[in-house]
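Engineer: Below is the structure, and that's it, no one-letter string:
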């Protein structure tokens, strides 16, 4: 039974070995790191399968179509990397601009908030920092991260609730 499934999976593979090599070459020439090439090939394969599942006509030249999709994926990879770099630069500049606070209470609160931020999942910490430290509006955060505004609001709500609970547990607030 396992062999039948394997044969079916091989028969259903929309990319042959030569097409897969071409996709890998296009991604590599597009600047995608070697470690991400297999993910790119899988994305091309997935898009071809999704196209078939929608009932769209198969491309006349699958190899050329796959190369175009791979080229678009390489551009998307660079855009995402640049977006992350810009976010990192903004956060680094904010750290340098933060004024030193006086008083033991404010230091304790700052330390507690920093520890609470460290315990948040990355996605929640990212939106909290962008909203409250970078002072970006929800719409700008959504555009910068490439996610819906509702997702930003949901992550902010959950993160603030978790931070508030942690600060109360530690009797900081």
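Structural biologist: Structure's in. What do you need? Here the structure is a predicted model, which means the values were calculated and not measured.
Engineer: where does the protein have low pLDDT?
Structural biologist: The chain contains residues with pLDDT under 70 at 1-12, 91, 94-106, 172-173.
Engineer: mind running it again at 50?
Structural biologist: Scanning the chain for pLDDT under 50 picks out the ranges 1-11.
Engineer: can you map out the helices along it?
Structural biologist: Ranges of helices in the chain, per DSSP state H, are 2-12, 17-29, 37-53, 62-97, 104-119, 122-128, 138-145, 149-169.
Engineer: any chance of these in JSON lines, plus mean neighbour count?
Structural biologist: C-beta: built from backbone N, CA, C; applies to glycine. JSON lines is the format used below for the helices of the chain (neighbours: other Cβ atoms under 10 Å):
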{"stretch": "helix 2-12", "mean neighbour count": "8"}
{"stretch": "helix 17-29", "mean neighbour count": "17"}
{"stretch": "helix 37-53", "mean neighbour count": "16"}
{"stretch": "helix 62-97", "mean neighbour count": "14"}
{"stretch": "helix 104-119", "mean neighbour count": "13"}
{"stretch": "helix 122-128", "mean neighbour count": "18"}
{"stretch": "helix 138-145", "mean neighbour count": "17"}
{"stretch": "helix 149-169", "mean neighbour count": "16"}
